[in-house]
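Novice: Sharing a sequence plus its predicted fold:
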Protein chains: 2
Amino acid sequence: MAMTSQKRVHYFGKTKSEGSKEMKDLLGGKGANLAEMTSIGLPVPPGFTITTETCAEYDAIGRKLPDGLLDEVHSNMALLEEETGKKFGSEDNPLLVSVRSGAAVSMPGMMDTVLNLGLTDKAMDGLADVSGNRRFALDAYRRLINMFGDVVMEVPHHIFEDEFDRIKDKYDVSEDTDLNEAGLEELITAYKAVYKNSTGDDFPQDPYLQLEKAVEAVFKSWNIPRAVRYREINEITGLLGTAVNVQTMVFGNMGDDSGTGVAFTRDPSTGENKFFGEFLINAQGEDVVAGIRTPQNVDEMVKWRPEIYEQLLDVKRILENHYREMQDIEYTIEKGNLLLLQTRNGKRTGRAAVKIAVEMVVEGRITQQEALLRVPANDLNQLLLPTFDAKAERDILTVGLPASPGAASGKIAYSADEAVDRTHEGESVILVRKDTSPEDVSGMHAAAGILTSTGGMTSHAAVVARGWGKCCIAGAGEVVIDEKNRCITINGRPFGGQDIISIDGSSGEVMAGDVPRKEPKLSEEFKSLMEWADHYRTLQVWTNADTPQDAERARNWGAQGIGLCRTEHMFFEGDRITDMREMILADNLEARQVGLDKLLPHQREDFKGLFTSMQGLSVTVRLLDPPLHEFLPHEEHLQQELADRLRVPLEKIMARVTQLHETNPMLGHRGCRLSISYPEILVMQATAITEAAIECKQEGIDARPEIMVPLIGTSKELSLLRKQIETTIQGVKETKGFTDELAIPVGTMIEIPRAALTADEIAKHADFFSFGTNDLTQMTFGYSRDDINSFLPNYIRHEILERDPFQSLDTTGVGQLIAMAVSKGRGEKKGMKMGICGEHGGDPLSIRFCHQIGLNYVSCSPFRVPVARLAAAQAAVKK
Amino acid sequence: MAMTSQKRVHYFGKTKSEGSKEMKDLLGGKGANLAEMTSIGLPVPPGFTITTETCAEYDAIGRKLPDGLLDEVHSNMALLEEETGKKFGSEDNPLLVSVRSGAAVSMPGMMDTVLNLGLTDKAMDGLADVSGNRRFALDAYRRLINMFGDVVMEVPHHIFEDEFDRIKDKYDVSEDTDLNEAGLEELITAYKAVYKNSTGDDFPQDPYLQLEKAVEAVFKSWNIPRAVRYREINEITGLLGTAVNVQTMVFGNMGDDSGTGVAFTRDPSTGENKFFGEFLINAQGEDVVAGIRTPQNVDEMVKWRPEIYEQLLDVKRILENHYREMQDIEYTIEKGNLLLLQTRNGKRTGRAAVKIAVEMVVEGRITQQEALLRVPANDLNQLLLPTFDAKAERDILTVGLPASPGAASGKIAYSADEAVDRTHEGESVILVRKDTSPEDVSGMHAAAGILTSTGGMTSHAAVVARGWGKCCIAGAGEVVIDEKNRCITINGRPFGGQDIISIDGSSGEVMAGDVPRKEPKLSEEFKSLMEWADHYRTLQVWTNADTPQDAERARNWGAQGIGLCRTEHMFFEGDRITDMREMILADNLEARQVGLDKLLPHQREDFKGLFTSMQGLSVTVRLLDPPLHEFLPHEEHLQQELADRLRVPLEKIMARVTQLHETNPMLGHRGCRLSISYPEILVMQATAITEAAIECKQEGIDARPEIMVPLIGTSKELSLLRKQIETTIQGVKETKGFTDELAIPVGTMIEIPRAALTADEIAKHADFFSFGTNDLTQMTFGYSRDDINSFLPNYIRHEILERDPFQSLDTTGVGQLIAMAVSKGRGEKKGMKMGICGEHGGDPLSIRFCHQIGLNYVSCSPFRVPVARLAAAQAAVKK
């Protein structure tokens, strides 16, 4: 790293301000904004910021402060002394500073704050003189020794606490603030002894040594496990390090004309345009945080210091005008003077984000496009799903993967059948399983929510639940399931079948008891934002839906078509699964045909329902995809049940299950490979689709089916199957004597790398492409979705992967194949319709990529439709 | 198909010859060569050929003869009549013709031959007059009715036979030839009745109707199951159809001055330059085939007709001069006149191919380059492996997949342990299993051969066996194994543990008893051919070897390095597997390290052995690749055994097995993902490699290890692991105080699509690429090697795939990724070394592709090295 020649320290103050809000990467968010506020004339205590590059340099050269840094610090400190008229470490009028970390992205977990730095035995006396308040000076000094010892030197905090308690006992006081000067003197002596005992050194009497150690501690804290872990969880990558902010101390604890507070320029929970915050009289910032005293609502300030309140409203106005965004500020009032210590864009709920963005457009502060970019698309989910009341008590048992958002409470059901039965009896149940399989689908559908102890964000449970918008937590490894005794244990706490648990699918929290919920109500602002989104986006948003209910819901949310109707789910309902199993167990075509003939009318009715719900819009039906063994029972007692029902020997069922077993089912006999082996299944499905479409048309319903062939890897597969599909459609038309227009486009999923590589050949036989990015990701990476959790967390930790590629599309590798297929496909067939129907269709980052490479639509689960609409608009606007 | 305007019939005769040997695609091999021989003045009965395009047309327009075809046939027939002075169907001097099929590639299974076509009641009388031999004419007529009825009209052959037997009984004769004229007259009447009864029509008395029906029958026979199946088995694709050859009849059965024979211009078994063949006096061609009379060796002809023998030697000379290839001819001698009915390049054994090619160079007929192209590279295998004596009796029980060439006989062993034990006791055993897994490796190694009832050409058994050059038949589905009762049944015949079977890994034949074998002896011609191959090829040939024995063998065969040393096999030997299992069962790093410390010295010794065998040549060591569960026992009694040995509870082992279980192990926690999770395993292996190299160097052995990281999908994986490997190497050097030059290149396998797509990034951290085309094929196609047999045969049948992509590289899809990786990799790092180490490294078609895209080497199993050397030369010469 060749950054030694660069400027490492940036000053902010009356003399000069060397930063601006655009310099977050270099100065951190806090440092950049302190400089910015200084520049626009707001009252900010002067100081300087050491750059994030210096932090990276510190690490790169083996964790030591680079040569020359301290010289720069010295010269900036000299300027600060000049501007404040105080002197660092002086016994006359000592300059005290705070030292705070601050990265480009707000990040708890790192070293936070050391206050009152610069106090020494001598300077303490000076401070006492200058302030005329020896008790204040003593208190400041004991705080420094404590904080410096704790935060910088890693002296266990409780040792200081113990001494404090001992001395309070001795002086017979209960509150810290009641200790008198003598007590504080004694406390300081005791703290110094603690410091010496723990570190081996005297508490430093050289203020520059204090500063040097504090700066180093901030740099070190960038890589402590807590901070690393936080970046992992929040997927924060690509940062250089943290900056260090050294700022003149101001005191909110200099009497009843002093105070401290935090505030938002608008309500961060509702978005209401109202100054919002809390303050404490005669206190320092950390007292607010420590929660020792209950702060007052900022509205109360009018009674205490109306002129300060007015000043704060001015600050709100100036900051919002300047930043054109809702701000989160920290301030101190020192002897009646308001001083700002921080401003940053305020964190807010999804609901508030929408309201603020839309109102700011109305206020003329920002454009519609900017408003669209202000709301994190994923946050819309919060507006759409029931949530637990934020104010409710949560008895958190463990935290799993937030697989599908929502809030559900219920008694524990241990099997799919149990979940169905108990739901029928009117109970609300949470289905708790190690994992789930297609056999469990009815139970999953019945349950209020799903909790699994294994599996990832794209496990069967997670995918199915998200498709339904059903609350689900996956991979909660601390949940130990004892199915036999119908009992689960979470971190040692047992729960039986009658115990209620609550699961929060947005946070992954598993909680004891029935946590109260809130139903969402959509605001006018939400509707405005969605209107703007639809105006600006060019990418269509379709949905993945298998039932008329899902289709209608999605259509209400704005879906413009069905991009993926999975027909396999239709085979699990009611008695159909028996017919399906009969078909699979058949020894020959004739017997197979008997099963298929029974399934045909069901399929036809399913399709009629879907076409009716979506009339006027495309419904893309995917032919049977999963390997046949997924439809057979794998547990012996279920196999016996099936044998009894079908009157075949158990051995026959077991033999078929064994025969169909595959080492790697993901790469096995499935998708269009089934249609090649058993063309009669394809014929049945194409017949059902065509018959349903004709019946709809005859009833005046504008049915628009499209047939999608899954797992194509060679153009010959598609040409062969397309011919069979077309022959079938033609045959049905003739049988039905239907002569009107009925075009059923035939397309394919591009979900195998080879399909992308040979997309030009495949395009010759396809009317459209739909990228199945789940499987494409599995094969391009060689990752099995079901098994990835054994190494994925480690991969994220080592930054080998930026994020789970099943959640957010890998644009470098998988995306390269998609872009190749788009270009090859459209090279062969100009303007060919292309979409994406994998899980990624609802992920904003992936949607942006889809927009960039010119796809026509993304298709996502119904509940993700508004998110996708917003994300599509953001992609269009960002361009 | 727009071929209606094309010429459909091509004439050959004195008048004109409208074909040549270059027109095989259009005229079929037989037709093209009849025209060619006519052109160069050899005696060929005149005739004409209907093109293969006409056959395709016949199919395309719904199986009927295209308009205009019969007109063309008529006019050619008129020319034929003019040239021969005979007339088709005439009662004076009737023209008789044969009708034969003939595709571009020789293909048994289609309709073969109808002789004497043109005979009717009237023409028969004419033939009797002209020949002065009524018995001959009657015999010719009964043959026609029989052949036409049987071959063209599909009258069951046995009905004719029954009539013949009845009449022979009546006339009290035993041989066909003994029947007198009266008997033949009666036979003809009986045959006509059979024909009428079976077809509903009279035997056609219009010769053109006979011809029309015969032509149609030939076209139809192109698509009969037998022919389709033959093309499947022999991977013959891309042909238009069959041609039809209509040729003037000549008769070898016109007396003792007539005869018929087949001959090769050189010995097709040994390659010796000696006229080779058989003949029959006074007989027609089909008599030779029918085997009713035993033919004489062609050498005997000198005694019978020395002038004909001389004529045949002339023909040999003319044909070899003209075709510059060994020919296989059919001829007839009609009343002392030699007439040629067919010539084609003669099929030959691998041994003969080599001898003939090399001798033809010496004779100055062909160049060295041509000689290299004359020997199918795969045929070299026949020269290298022991084979069953071709003359030995074979009691064939079933035919499986010829997974690994060789010839083995032995008693049946039912488990790996049994195979080891019985081999130790001096028995020769064939290990017969449903399939095999790494647990079986020791038993597989011990056995003389391996037979599995499931799995394909690239199943575990097949791959491992080929790697060792051990005979193996896989997927022999008719072998039913009753492990419990130690018995197998093949097509109803039971075999116990003491019964001997023989397996032919080149043909897939499973035979009863101990079939005698022959050991191979390499000829001087083989050595010459290999020298020329090495001279012309530019692609290096390396080998896949895990043991010093394999390495030495491969080096003797000409291997120029080890491209793949799989370290996992090293963990199965002796007690090591217990140490390995202990390591896998460890709960923490410390315990794991204990196991690794035990494994280290073994690994080091293994590597020392390899480096010594290959001194001066590269040894590419792949780090541990398979998922850990492959090393654990999966059967409960073996788990119990392990539990006892390691003194841990059985439950612990079962739990670990369950924990390591994966839904799709192929896409799971393996390859470099293991090294990321358990860097200590990588460190152990890198340490062992470095220590072994240093010890070799200190003993004066030029060790050249290279370290290969498997399953890389992202550049960050490699940069991370490379750093750890380099640190380890450096550490070992320092510990050992080794200061001499020791460069250990670190490269990676490109076996995941994403690695190919991002090869430019990966190349930054790799010294070489080795394409792992097995896995790359699995992931690019989405095919699991272990499961592909459920649909692959069907895919080949439907011509969706030309061939098994695990046997021969899919150059369109997988090849596209490889070419991309080569270009991206070398774009980043000019001249970067690249090779291939998948199964395809030994496949000639794949080797050709590797040559074309500029790889540096292919690496294949030791026994494939000569094949690869020849294939590499062919690729270079063909260019």
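Specialist: Looks like it arrived, so ask away.
Novice: List phi and psi for A:Gly238.
Specialist: phi 90, psi 10 (degrees, to the nearest 10).
Novice: Please report how far it lies from chain B.
Specialist: According to C-beta to the nearest C-beta, to the nearest Å, A:Gly238 and chain B sit 13 Å apart. Just so you know, the C-beta spots here come from the backbone N, C-alpha and C atoms, and that holds for glycine as well.
Novice: Near that residue, how many other residues are there?
Specialist: When neighbours are defined as other C-beta atoms under 10 Å in any protein chain shown, A:Gly238 has 10 of them.
Novice: A:Val358 now?
Specialist: Close neighbours of A:Val358, defined as other C-beta under 10 Å, add up to 24.
Novice: What ranges does the stretch 701-850 of chain A have for its strands?
Specialist: Ranges of strands in the stretch 701-850 of chain A, per DSSP state E, counting those that start in this stretch, are A:704-709, A:746-750, A:768-771, A:833-836.
Novice: closest one to B:Asn180 among these?
Specialist: Of all those, it is strand A:704-709 that lies closest to B:Asn180, at 68.8 Å by C-beta to C-beta.
Novice: hmm, back to that, would you turn the strands of the stretch 701-850 of chain A into JSON lines with mean neighbour count?
Specialist: Compiled in JSON lines, these are given as follows (neighbours: other C-beta atoms under 10 Å in any protein chain shown):
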{"stretch": "strand A:704-709", "mean neighbour count": "24"}
{"stretch": "strand A:746-750", "mean neighbour count": "28"}
{"stretch": "strand A:768-771", "mean neighbour count": "28"}
{"stretch": "strand A:833-836", "mean neighbour count": "26"}
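Novice: Counting neighbours, what do you get for the closest residue in space to A:Lys736 that isn't next to it in sequence?
Specialist: Nearest residue to A:Lys736, sequence neighbours excluded (C-beta to C-beta, 6 or more residues apart in numbering or on different chains): A:Ile694, at 5.3 Å. For A:Ile694, the neighbour count with other C-beta under 10 Å is 21.
Novice: do the same with the one 3 residues further on
Specialist: With neighbours defined by other C-beta under 10 Å, the count for A:Lys697 comes to 16.
Novice: So it sits against A:Ala743, correct?
Specialist: No - counting by C-beta atoms under 8 Å, A:Lys697 sits too far from A:Ala743 to count as a contact (11.5 Å).
Novice: Can you name the residues that contact A:Asp201?
Specialist: With contact taken as C-beta atoms under 8 Å, 6 or more residues apart in numbering or on different chains, A:Asp201 is in contact with A:Tyr195.
Novice: give me that answer again for 10 Å
Specialist: Residues in contact with A:Asp201 (C-beta atoms under 10 Å, 6 or more residues apart in numbering or on different chains) are A:Met153, A:Tyr195, A:Leu209.
Novice: check which helix or strand covers it.
Specialist: A:Asp201 is located outside every helix and strand, with elements delineated by DSSP states H and E.
Novice: mind checking which helix or strand of chain A has the lowest mean pLDDT?
Specialist: Least confident element among the helices and strands of chain A, by mean pLDDT, DSSP states H and E: helix A:285-290 (a mean of 62).
Novice: before we move on, the earlier item: out of the strands of the stretch 701-850 of chain A, which is closest to A:Gly31?
Specialist: Smallest distance to A:Gly31 across these (C-beta to C-beta): 41.0 Å, for strand A:833-836.
Novice: by contact count, what packs against the closest one?
Specialist: Using 3 or more C-beta pairs under 10 Å, 6 or more residues apart in numbering or on different chains; DSSP states H and E, the elements in contact with strand A:833-836 are strand A:540-544, strand A:562-566, strand A:618-622, strand A:746-750, strand A:768-771, helix A:814-828, helix A:844-852, strand A:857-860.
Novice: With mean pLDDT and distance to A:Glu330 added, can I get those in JSON lines?
Specialist: Putting those into JSON lines (pLDDT from 0 to 100; distance: least, C-beta to C-beta, whole Å) gives the following:
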{"stretch": "strand A:540-544", "mean pLDDT": "97", "distance to A:Glu330": "41"}
{"stretch": "strand A:562-566", "mean pLDDT": "97", "distance to A:Glu330": "47"}
{"stretch": "strand A:618-622", "mean pLDDT": "98", "distance to A:Glu330": "53"}
{"stretch": "strand A:746-750", "mean pLDDT": "98", "distance to A:Glu330": "52"}
{"stretch": "strand A:768-771", "mean pLDDT": "98", "distance to A:Glu330": "47"}
{"stretch": "helix A:814-828", "mean pLDDT": "98", "distance to A:Glu330": "42"}
{"stretch": "helix A:844-852", "mean pLDDT": "97", "distance to A:Glu330": "31"}
{"stretch": "strand A:857-860", "mean pLDDT": "98", "distance to A:Glu330": "40"}
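Novice: Of all those, which one is nearest B:Ser39?
Specialist: Put simply, out of the helices and strands packed on strand A:833-836 the one that sits nearest B:Ser39 is helix A:814-828, at 45.4 Å, with distance taken as C-beta to C-beta.
Novice: For A:Asn544, name its beta-bridge partners.
Specialist: Note on A:Asn544: beta-bridge partners A:Leu564, judged by DSSP bridges.
Novice: Do I have it right that it meets A:Glu839?
Specialist: Yes - taking contacts as C-beta atoms under 10 Å, A:Asn544 lies within contact range of A:Glu839: 9.1 Å.
Novice: which residues does the residue of the stretch 151-300 of chain A found nearest chain B contact?
Specialist: Ranked by C-beta to the nearest C-beta, the top residue of the stretch 151-300 of chain A for proximity to chain B is A:Thr237, at 11.2 Å. Counting by C-beta under 10 Å, 6+ apart, A:Thr237 makes contact with A:Arg231, A:Ile796, A:Glu799, A:Leu801, A:Glu802, A:Arg803.
Novice: Based on its surroundings, how many neighbours for A:Met23?
Specialist: The tally of other residues near A:Met23 (other C-beta under 10 Å) stands at 22.
Novice: Nearest residue to it in space, please, no chain neighbours.
Specialist: In space, and not counting its chain neighbours, A:Met23 is closest to A:Ala32: 4.8 Å by C-beta to C-beta, 6+ apart.
Novice: same check, this time on A:Val541
Specialist: A:Ala868 (4.5 Å).
Novice: what's near enough to touch that neighbour?
Specialist: A:Ala868 sits next to A:377, A:380, A:533, A:537, A:539-543, A:557-559, A:841-844, A:846-847, A:850, A:857-861 when contact means C-beta under 10 Å, 6+ apart.
Novice: Apply 7 Å and report the result again.
Specialist: When contacts are counted by C-beta atoms under 7 Å, 6 or more residues apart in numbering or on different chains, A:Ala868 is found next to A:Val541, A:Gly841, A:Gly842, A:Ile847, A:Val858, A:Cys860.
Novice: And the residue located most distally from the centre of chain A, how close does it get to A:Arg604?
Specialist: No residue in chain A has its C-alpha farther from the mean C-alpha position than A:Gly737, which lies at 53.8 Å (C-alpha atoms, centre = their mean). Using C-beta to C-beta, to the nearest Å, one gets 17 Å for the distance from A:Gly737 to A:Arg604.
Novice: now do A:Ile236
Specialist: Taking C-beta to C-beta as the measure, A:Ile236 falls 51 Å from A:Arg604.
Novice: So between the two, which is more surrounded?
Specialist: Summary of the neighbour comparison: A:Ile236 and A:Arg604, criterion other C-beta under 10 Å, with A:Arg604 having more neighbours (21 against 15).
Novice: That one in helix, strand or coil?
Specialist: Using DSSP: H, G, I helix; E, B strand; the rest coil as the criterion, the local structure at A:Arg604 reads helix.
Novice: how about the closest residue to it other than its chain neighbours, phi and psi?
Specialist: Spatial nearest neighbour of A:Arg604, excluding adjacent residues (C-beta to C-beta, 6+ apart): A:Ala688 at 4.3 Å. According to degrees, to the nearest 10, the main-chain angles of A:Ala688 amount to phi -60, psi -40.
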